[in-house]
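J.: give me coordinates for this.
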Amino acid sequence: MPITEEARPTYERFVQGGFDELMAQADPEAQLSIATGRLENFTGELATETRRRTLTAVTLAVFSTIKDRTCPMWPFC
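T.: Take a look at the predicted model:
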């Protein structure tokens, strides 16, 4: 699912922040599958909400809605 230019920096900070938090762990490899699964679920919810709103790309409003709905969600928020 494409991401609008408006939403891209926020999404990239979200993913980078999660990666940074994961890498700060004593054994990041042990937590990698958890983080990956949560990010996959999050992006799936982004796609579902985008389609529900009949949009062609993830907007900042969609991102904010899903983030508010799912956080806290280690390691991303």
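
J.: residues touching the helix or strand harbouring Gln16, excluding its own?
T.: In the assignment (DSSP states H and E), Gln16 maps to helix 8-23. Around helix 8-23, the neighbours that count as contacts under C-beta atoms under 8 Å, 6 or more residues apart in numbering are 3, 28, 31-32, 35, 39, 58, 60, 63, 67, 74-77. Where you see a C-beta, it was placed from the backbone N, CA and C, and this is true even at glycine.

J.: got the CA coordinates for that helix in CSV?
T.: The C-alpha coordinates for helix 8-23 follow below in CSV (Å, rounded to 0.1, in the frame of the first residue of the first chain):
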residue,chain,number,x,y,z
ARG,A,8,6.1,9.2,4.9
PRO,A,9,8.4,11.0,7.4
THR,A,10,6.1,10.1,10.3
TYR,A,11,6.0,6.5,9.2
GLU,A,12,9.8,6.4,8.7
ARG,A,13,10.3,7.8,12.2
PHE,A,14,7.9,5.3,13.7
VAL,A,15,9.8,2.4,12.1
GLN,A,16,13.2,3.8,12.8
GLY,A,17,12.3,4.4,16.5
GLY,A,18,11.1,0.8,16.8
PHE,A,19,14.3,-0.4,15.2
ASP,A,20,16.4,1.7,17.5
GLU,A,21,14.5,0.4,20.5
LEU,A,22,14.9,-3.2,19.4
MET,A,23,18.7,-2.8,18.8
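
J.: can you give me the mean pLDDT across it?
T.: Here helix 8-23 scores 98 as its mean pLDDT.

J.: circling back: among the contacts of helix 8-23, which ones are buried?
T.: With neighbours counted using 16 or more other C-beta atoms under 10 Å, the contacts of helix 8-23 contain these buried positions: Ile3, Gln31, Ala35, Leu39, Val58, Leu60, Phe63, Lys67, Pro75, Phe76.

J.: show me what contacts the third one?
T.: Put plainly, it is Ala35. By C-beta under 8 Å, 6+ apart, Ala35 lies in contact with Gly18, Leu22, Trp74, Pro75, Phe76.

J.: ok, now how distant is it from Phe42?
T.: From Ala35 across to Phe42, the span is 10 Å (C-beta to C-beta, to the nearest Å).
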